[in-house]
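Enquirer: this one's sequence-less:
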DNA sequence: TATGAATGAGCGTTCATTCAT
DNA sequence: CATGAATGAACGCTCATTCAT
């Protein structure tokens, strides 16, 4: 926060043309990251690919990192919709399994949005490249946890269980997306993940429900 | 094979002094990666920190990547011991829970070996920096899967379950190590993870065991 | 004349608003030069500080140098007044000392006009940035020299003496302004400088007068 | 001192070859500064002119400014000799005029050492480019002042007179060197300057001596 | 006329790697 | 063998200036 002069975009583009320029830059940035990795992600390469002058790039982004950050922010917004959309639709008498199903499906949808971007953010970019992480994920996670907790059964350490469940849910969908993309399309896979979590969070009964 | 000129150490150091030099370089490499991240990981920095001349470094490593690769290889060896050691001791009538317990504990031990290195390999180094991953993990995983599979109960898609269980087990320990290190010391945590996996892989009974 | 495309203001602003814009630009230019030095003196910074669009700046000034040149010209005008004003008032029977006094006081006043600007022009701006120096100083100097020369006594090389006296007078006031600003307020200082010059230009008598 | 990472040379060249490289760089730097001014003084231009790789330049100098600083330091050393050499030879019964003569001649010699460098340091390089000025000049000036002061006659404010005399002596030689180089060769000029100072510092007598 | 957007040329600096002693 | 010296190829970023509405 101190070392990096700025991470936010430098200039809010007001006209249509500059909006398009910024979009072009971000699109090119995603393309380059995907194709050449973090190593090939140079501002000149991005500008070239975007078809804009390098100076134009720097009129909207104060430095290299801020480009990725904006990319991540935009991606985050689209991702968030996957989770906020179904939340409103949670019916009154929803069971834990219902809610888990919703969440896992949301996670799968999330990874379908832009799988390449997802891989980039999670595996390609060294975490040290960014100090400031926005915490929108944490906020959302807390909300869901709050809703589901009363439905736990026989869980000795609910706090720990929430950490475990969240980590597990996120990781298994993420790994499937990256290593076994075909799984994401299979309803059986979603069912398996839901079962994993349900049986972990409801230890009173053995069968379903 | 074409793109990467060489990744193996250039010269197998046979003499003691050379051995020590290589060790110094690797130690320095780990230190630099930990302190300055991938971005600060320059061959000159490593050589300086190791107290060896940059040209000497290039006598033992053909390029920058090969240093990290060797670091990873050595780390892998130590990690593997965590898993191979207990395997020999699996008693004849071991239950699934016993085996899961062994594995999870091994995973925890693994992360205690060199947590900093672990974080570096999983988060700091862009995956694109290395194409060639040795498959020792996969081999070990298959072996354990083969042992535990007969003990599954009520699992409709065993192959998928193995993928899920492995992914989940690995991820939860890893995340705990990186974000909640205190959890690794708690037996309750290990128990929770074991329970998570056991209830997933044995769906006939509800309670413990 | 070939190398420097243009140095004069591009457009003589006739309307009031244009006049104000030009003034704003010059004021901002002085501010930036003072605060950030020649290195920070960029056309964009000046335009920003002046609150005018960069393109507007280029409507009134053909290039960066011309801004400084105009600043210098305006400063020169104000400075000149310090010297032209008293000239008219030189009484008929004025002694050399009287005239030297007038000049030194004028020099001191000159440095009080805008000391910051003075420092900028003499120390901050590389002399190579401007080849074309207007010669108003030389003209004025010649005039004064012509008046005082008949009052010299015992000066073997009057031409050389004029060069020495002018250089010395200018330098000592200038240095005082930049390094010992408090001196400029002291009448004793002015007296000392006058004495220095008088005793140099009138070598017949030892005491004052 | 805080803003500039370093101003001192980066690496003390130990071998002959690198010594020569450093000398080449400094020589080229002087040449470029002289020919193209501060504006044309780019590290690439210096390296090119010196016939060394730009990276070699940065192996010995941490940044652009440090090159000029080292140039100035070396120049300062040679200049200092002009003043320290005669000091030892001041005879016991030396008059003020003798000492002034020595000093002015030293100043003239100083400007003959490398007049181009002198002009560069005093006029071409913006003062803001360097924060830290070594104070060797001040030290030497104090020493001489201490020697000459007892010989003052009729000087009402000796401290002020020292400031005036030093400023004046320095400036007139400097200006002569830059604007009327032919003067430096004329013994009459030196005599004039000495007379200027002597009559200022000894106000008891009118004639010479 | 004034403004937002754009740009070419280039600058300071780094770094993986090799040469020469 | 080990070391100091050297280097080519970029890279991130800036700035004076112009274009297009």
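Expert: Looks like it came in fine. The structure displayed is predicted, hence computed values, not measured ones. Numbering: from 1, shown residues only, chains lettered A, B, ... in the order given.

Enquirer: quick one, what contacts residue A:192?
Expert: B:157, B:160-161, B:164 (CB atoms under 8 Å, 6 or more residues apart in numbering or on different chains). Using the backbone N, CA and C atoms, a C-beta is placed for each residue, glycine as well.

Enquirer: can you give me the strands in chain A?
Expert: In chain A, no segments count as strands under DSSP state E.

Enquirer: Can you turn the buried part of the contacts of residue A:192 into a ChimeraX selection?
Expert: Selection of buried members from the contacts of residue A:192 for ChimeraX, criterion 16 or more other CB atoms under 10 Å in any protein chain shown:
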select /B:160,161,164
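
Enquirer: Looking at the contacts of residue A:192, which is nearest chain C?
Expert: Nearest to chain C, judged by CB to the nearest CB, of the contacts of residue A:192 is residue B:164 at 56.9 Å.

Enquirer: unless I'm mixing things up, the closest one is touching residue A:173, no?
Expert: No - counting by CB atoms under 8 Å, residue B:164 stays clear of residue A:173, with 10.3 Å between them.

Enquirer: hang on, the earlier thing: now flag whichever of the contacts of residue A:192 is closest to DNA strand E.
Expert: residue B:164 (39.0 Å; CB to the nearest atom of the strand).

Enquirer: Chain A: helices as residue ranges?
Expert: A:16-40, A:43-50, A:54-60, A:64-88, A:96-113, A:115-119, A:136-148, A:158-179, A:187-201 (DSSP state H).

Enquirer: So the first one, near chain C or not?
Expert: Yep, that's helix A:16-40 we're talking about. No - using CB under 8 Å from any CB of the partner chain, helix A:16-40 never reaches chain C; the gap is at least 15.2 Å.

Enquirer: The closest residue to residue A:91 other than its chain neighbours: neighbouring residues, count only.
Expert: Distance criterion CB to CB, 6 or more residues apart in numbering or on different chains; nearest residue to residue A:91, sequence neighbours excluded, is residue A:98 at 7.5 Å. By other CB atoms under 10 Å in any protein chain shown, 14 other residues sit near residue A:98.

Enquirer: Close to chain B: what parts of chain A are there?
Expert: Within chain A, the residues that sit near chain B (CB under 8 Å from any CB) are A:36-39, A:123-129, A:156-157, A:160-161, A:163-164, A:167-168, A:170-172, A:175-176, A:180, A:183, A:188-189, A:192-193, A:195-196, A:199-200, A:203-207.

Enquirer: Tell me where the model's unsure across chain A.
Expert: Scanning chain A for pLDDT under 70 picks out A:1-6, A:11-14, A:86-89, A:131-136, A:205-209.

Enquirer: Quick check, residue A:66 in contact with residue A:26.
Expert: No - contact between residue A:66 and residue A:26 fails when scored by CB under 8 Å: they sit 10.9 Å apart.

Enquirer: that older thread, quickly note the distance from the residue nearest to residue A:91 to chain B.
Expert: 19 Å (CB to the nearest CB, to the nearest Å).

Enquirer: go on, residue A:100?
Expert: From residue A:100 to chain B the distance is 13 Å (CB to the nearest CB).

Enquirer: What's the local residue count around that residue?
Expert: Using other CB under 10 Å, residue A:100 has 25 other residues around it.

Enquirer: Residue A:109 contacts residue A:81, doesn't it?
Expert: No - the criterion here is CB under 8 Å, and residue A:109 misses it with residue A:81 at 9.2 Å.

Enquirer: more crowded one of those two?
Expert: Shown here are residue A:109 and residue A:81; by other CB under 10 Å, residue A:109 has more neighbours (17 against 14).

Enquirer: isn't residue A:46 right next to residue A:70, touching?
Expert: No - applying CB under 8 Å, one finds residue A:46 not in contact with residue A:70, separated by 11.9 Å.

Enquirer: burial count for residue A:152?
Expert: Residue A:152: 17 surrounding residues under other CB under 10 Å.

Enquirer: residues in contact with it?
Expert: Contacts of residue A:152 by CB under 8 Å, 6+ apart are A:96, A:158, A:161, A:201-202.

Enquirer: of those, buried ones?
Expert: A:96, A:161, A:201-202.

Enquirer: biggest separation within the residues you listed, which pair?
Expert: A:96 and A:161 (12.1 Å; CB to CB).

Enquirer: any common contacting residues for those two?
Expert: Common neighbours of residue A:96 and residue A:161 (CB under 8 Å, 6+ apart) are A:152, A:201.

Enquirer: Can you lay out the contacts of residue A:152 as a markdown table showing distance to DNA strand E?
Expert: Output for the contacts of residue A:152, formatted as a markdown table (distance: CB to the nearest atom of the strand, whole Å):
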| residue | distance to DNA strand E |
| --- | --- |
| A:96 | 50 |
| A:158 | 47 |
| A:161 | 44 |
| A:201 | 47 |
| A:202 | 52 |
